[in-house]
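A.B. asks: Test case, fold it:
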Amino acid sequence: MEIKPKILLIYTGGTIGMRRDAGGTLVPFDFSAMYEEIPSLRRLEVDIEVLTMTPIDSSNVMPSRWVELAEIIRDNYARFDGFVVLHGTDTMSYTAAALSFMLENLAKPVILTGSQIPMGILRTDGRENLITALEIAGAQRDGRPIISEVALYFQNRLFRGNRTTKRSAEELSAFYSYNYPPLAEVGVNISYNHTAISKPTEYSDNLQIATTLSDGVVVIKLFPGISESILRAILSVEGLKGVVLETYGSGNAPTSEWFIKVLEEAINRGIIVINVTQCAGGSVAMDLYETGVGLRSIGVVSGHDMTTEAAVTKLMYLLGGNRPNEECRAALEYPIRGEFTPEGVA
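C.D. replies: Below you'll find the model as predicted:
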């Protein structure tokens, strides 16, 4: 008798976990009774176990929640073949990116999904998202999982988790990966893009996780009119260790003497500054224009085509590990979880 893959379904909160009671009020969905609520789940070729965390709105997610989630995956890693995390959409890309860095030798699927419409609403997108995420988490080829990384499934597409961003508050296709192709596209069949899927260096049930994330990280989005006093005040905050600088276009910023000087002073104090573009798609190219060259000359690190979500969580991960400053900078220049495309790679 063929043994079905075992999947741990972890419910953290979010729209997908809501249903209407007899009076029409939205109340939490009982995922422990999901076979009664969604009978079609019985037809999946996977065995499902449910673990419910204290449900919270994803707007309230903090790094401590990521640590709790990583610990759950680690503690159950040997017992299950894959994991599906149900999560609110507002911060799902941050959680997916954070987990991609924190799960240090992952060789099994961790699939995040959710919905734009509550599970208890007749035309919910949550039902399909849940069913397909479970099917993908259990998919195997030659006795190995097809997906062995942190990924995000939403509206017929599976993306690398640390490449995603939420692009719409209303469309069912709420997420997109602007700079990396889908890992899978779902139609009549699930079509996997095997060349885009990360391959583990080894398969082991001994998962290592990072449990310390730095809280000394800030995002600064440039805009016409940003003042020296405001920028200096932000960069002078006690405990600041890392800055994600959202610049214009391909990594451009003001060439004002004061602007370069304030950043240079911060970098000389040991603050790491990484440059990512405000544009949804495209990459930072700091050697292209004078403004980018100026940033590189004072030690600003190129974020290439990383999302802000990936840059923030990667900084939290690296700075939380008490690594020397230069080691953190070197790790930022290298895609440790496929979070950006190196220069010269199509």
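A.B. asks: Which per-residue confidence value corresponds to Thr255?
C.D. replies: pLDDT, Thr255: 89.
A.B. asks: before we move on, what about the one 5 residues further on?
C.D. replies: pLDDT recorded at Ile260 is 95.
A.B. asks: got the contact list for it?
C.D. replies: Gly294, Leu295, Ile298 (Cβ atoms under 8 Å, 6 or more residues apart in numbering). Every C-beta, even on glycine, is put in place using the N, C-alpha and C of the backbone.
A.B. asks: List the buried residues in the helix or strand where it lies.
C.D. replies: Secondary structure from DSSP states H and E places Ile260 in helix 257-268. Neighbour-count burial for helix 257-268 flags Phe259, Ile260, Val262, Leu263, Glu264, Ala266, Ile267 (criterion: 16 or more other Cβ atoms under 10 Å).
A.B. asks: Switch the contacts of Ile260 over to a markdown table; also include neighbour count, pLDDT and distance to Ser40.
C.D. replies: As requested, the contacts of Ile260 are exported to a markdown table (neighbours: other Cβ atoms under 10 Å; pLDDT from 0 to 100; distance: Cβ to Cβ, whole Å):
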| residue | neighbour count | pLDDT | distance to Ser40 |
| --- | --- | --- | --- |
| Gly294 | 20 | 87 | 58 |
| Leu295 | 26 | 93 | 53 |
| Ile298 | 15 | 95 | 57 |
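A.B. asks: between those residues, which is nearest Thr164?
C.D. replies: Leu295 (26.1 Å; Cβ to Cβ).
A.B. asks: From Val61, how far out is the closest one?
C.D. replies: 31 Å (Cβ to Cβ, to the nearest Å).
A.B. asks: Equivalent analysis for Ile274, please.
C.D. replies: Distance from Ile274 to Val61, by Cβ to Cβ: 22 Å.
A.B. asks: ditto for Ala196
C.D. replies: Distance of Ala196 to Val61, computed by Cβ to Cβ: 27 Å.
A.B. asks: more neighbours, those two?
C.D. replies: Ranked by neighbour count (other Cβ atoms under 10 Å), Ala196 and Val61 place Val61 first, with 22 against 17.
A.B. asks: show me the contacts for that one.
C.D. replies: Val61 neighbours (Cβ under 8 Å, 6+ apart): Gly88, Thr91, Tyr94, Thr95.
A.B. asks: Ramachandran coordinates for it?
C.D. replies: Main-chain dihedrals, Val61, degrees, to the nearest 10: phi -60, psi 130.
A.B. asks: Can you check the pLDDT for Pro342?
C.D. replies: For Pro342, pLDDT reads 88.
A.B. asks: quick one: the strands in the stretch 151-300 of the chain?
C.D. replies: Assigned by DSSP state E, counting those that start in this stretch, the strands in the stretch 151-300 of the chain fall at 157-160, 165-166, 175-176, 184-186, 190-192, 217-221, 242-247, 272-277.
A.B. asks: Leu122 is nearest to which of those strands?
C.D. replies: The nearest among the strands of the stretch 151-300 of the chain, by Cβ to Cβ, is strand 184-186 at 21.4 Å.
A.B. asks: Now that closest one: buried residues?
C.D. replies: Here strand 184-186 shows Ala184, Val186 as buried, counting by 16+ other Cβ under 10 Å.
A.B. asks: re earlier: can you add distance to Glu135 and mean pLDDT and give the strands of the stretch 151-300 of the chain back as JSON lines?
C.D. replies: Converted to JSON lines, those look like this (distance: least, Cβ to Cβ, whole Å; pLDDT from 0 to 100):
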{"stretch": "strand 157-160", "distance to Glu135": "11", "mean pLDDT": "98"}
{"stretch": "strand 165-166", "distance to Glu135": "23", "mean pLDDT": "98"}
{"stretch": "strand 175-176", "distance to Glu135": "18", "mean pLDDT": "97"}
{"stretch": "strand 184-186", "distance to Glu135": "9", "mean pLDDT": "98"}
{"stretch": "strand 190-192", "distance to Glu135": "7", "mean pLDDT": "98"}
{"stretch": "strand 217-221", "distance to Glu135": "36", "mean pLDDT": "98"}
{"stretch": "strand 242-247", "distance to Glu135": "35", "mean pLDDT": "98"}
{"stretch": "strand 272-277", "distance to Glu135": "34", "mean pLDDT": "97"}
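A.B. asks: if we compare these, which one ends up closest to Glu104?
C.D. replies: Checked against Cβ to Cβ, the stretch from the strands of the stretch 151-300 of the chain lying closest is strand 157-160, at 16.6 Å.
A.B. asks: Neighbouring strands of the closest one in the sheet, and parallel or not?
C.D. replies: In the sheet, strand 157-160 lines up against strand 150-154 (antiparallel), strand 184-186 (antiparallel) (DSSP bridges).
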